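A.B. asks: Need coordinates for the below:
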Amino acid sequence: MNMSGLMPVCPAAFRISLRLKGNNLRLSLLQHLESPACHSLTVDFYDVAYIDTSGLAVLVEVLKAARDRGKTLYLTRLRERPRYLLEATRLAHLFNEAQ
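C.D. replies: Coordinates of the predicted model:
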């Protein structure tokens with residue numbers, strides 16, 4: 001899984017660039033959701049050319065955690081291959097896409 005370009009964005013101009021993979025990515029996204037200042041989380045896929053099924057599992061887990069906390073997870077700037085995998089696995093409809 002190479003999701004090193006992901007960037008979570010929370011309200012109040014909270015924006016950091018992630019250079020993480022696997023479990024570190026998972027933990028970082030879940031930590032952002034725990035923040036009281038974070039009402040929604042936007043994951044920027046601009047630099048992500050490839051995502052595998054373990055990456056999809058992380059996104060689904062973070063989506064569930066966001067919904068359990070009454071927060072929203074957005075995906076933005078999905079490139080062709082990550083978008084294709086979301087569509088091929090029929091998971092695309094679960095996620096909100098930000099422009």
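
A.B. asks: Double-check that Pro82 belongs to a helix.
C.D. replies: Yes. Assigned with DSSP: H, G, I helix; E, B strand; the rest coil, Pro82 falls within a helix.

A.B. asks: Not counting sequence-adjacent ones, nearest residue to it?
C.D. replies: Spatial nearest neighbour of Pro82, chain neighbours left out: Ile51 (4.5 Å); criterion: Cβ to Cβ, 6 or more residues apart in numbering. Glycine gets a C-beta too; all of them are placed from N, C-alpha and C.

A.B. asks: The one you found reaches Arg83, doesn't it?
C.D. replies: No. Counting by Cβ atoms under 8 Å, Arg83 is not a contact partner of Ile51; they are 9.5 Å apart.

A.B. asks: quick one: which of the two has more around it?
C.D. replies: Each of Ile51 and Arg83 has its neighbours counted (other Cβ atoms under 10 Å); Ile51 has more, 23 against 15.

A.B. asks: helix/strand/coil for the more buried one?
C.D. replies: coil.

A.B. asks: so where's this structure shaky on pLDDT?
C.D. replies: Per-residue confidence for the chain (pLDDT under 70) gives these ranges: 1-22.

A.B. asks: residue boundaries of the strands in this structure?
C.D. replies: All strands of the chain, identified by DSSP state E, fall at 7-10, 14-15, 40-44, 72-76, 96-98.

A.B. asks: Within its sheet, name the partner strands of the last one and how each one runs.
C.D. replies: Spelled out, that is strand 96-98. With DSSP bridges as the test, strand 96-98 is paired with strand 72-76 (parallel).

A.B. asks: tell me which residues of the strand it pairs with are tucked away?
C.D. replies: Buried residues in strand 72-76, defined by neighbour count with 16 or more other Cβ atoms under 10 Å: 73-75.
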